[in-house]
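Participant: Fold the following and give me the result.
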Amino acid sequence: MHHLGYRYFDEPPFSLLQGIITFIGVLITMAVLIRQNRLARVEEDRAHLELQINLLAEQKTTKIIMLLEELRRDLPHVPDWHDQHAETLQAATNPDAVLEAIEQRKEQRE
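Facilitator: Residues are numbered from 1 along each chain as shown. Predicted coordinates for the structure are as follows:
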């Protein structure tokens, strides 16, 4: 280009262009890492919300089973029998134990 009367923007070995490209690469890398961090936080919040919803559903299901068992015992025309599985399902879920198990699994993965 120099022979056409134009001056080079960056003389070889193109150190200015290399610096600009390196700077842009660093900016893109930072943007990707920030985005991944945000997505990880959102995913963690979603997982926590799902856990809360599942624990609430478990509590509701346990209560329904308890009410059905009481109804079965109270109705005179329904034969009374011992249902070990229903008794097991009536046991309330301990949220602290669930959280502790989750923490232990996290530690095992790391």
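
Participant: Got the confidence number for H2?
Facilitator: pLDDT recorded at H2 is 56.

Participant: From the contact counts, what lies against the helix or strand of the chain with the lowest mean pLDDT?
Facilitator: The weakest-scoring helix or strand in the chain, judged by mean pLDDT, DSSP states H and E, is helix 84-90 (a mean of 81). Helix 84-90 sits against helix 15-74, with contacts defined as 3 or more Cβ pairs under 8 Å, 6 or more residues apart in numbering; DSSP states H and E. C-betas here are computed from N, CA, C, even on glycine.

Participant: List the buried residues for stretch 21-28?
Facilitator: Residues of stretch 21-28 classed as buried: none (neighbour count, 16 or more other Cβ atoms under 10 Å).

Participant: For that stretch, C-alpha coordinates in PDB please.
Facilitator: Only the C-alpha atoms of stretch 21-28 are listed here, as PDB (Å, rounded to 0.1, in the frame of the first residue of the first chain):
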ATOM      1  CA  ILE A  21      -6.800  -8.300  19.200                       C
ATOM      2  CA  THR A  22      -5.400  -9.500  22.600                       C
ATOM      3  CA  PHE A  23      -7.400  -6.800  24.400                       C
ATOM      4  CA  ILE A  24     -10.600  -7.800  22.600                       C
ATOM      5  CA  GLY A  25      -9.800 -11.400  23.500                       C
ATOM      6  CA  VAL A  26      -9.500 -10.600  27.100                       C
ATOM      7  CA  LEU A  27     -12.800  -8.600  27.100                       C
ATOM      8  CA  ILE A  28     -14.600 -11.500  25.400                       C
END
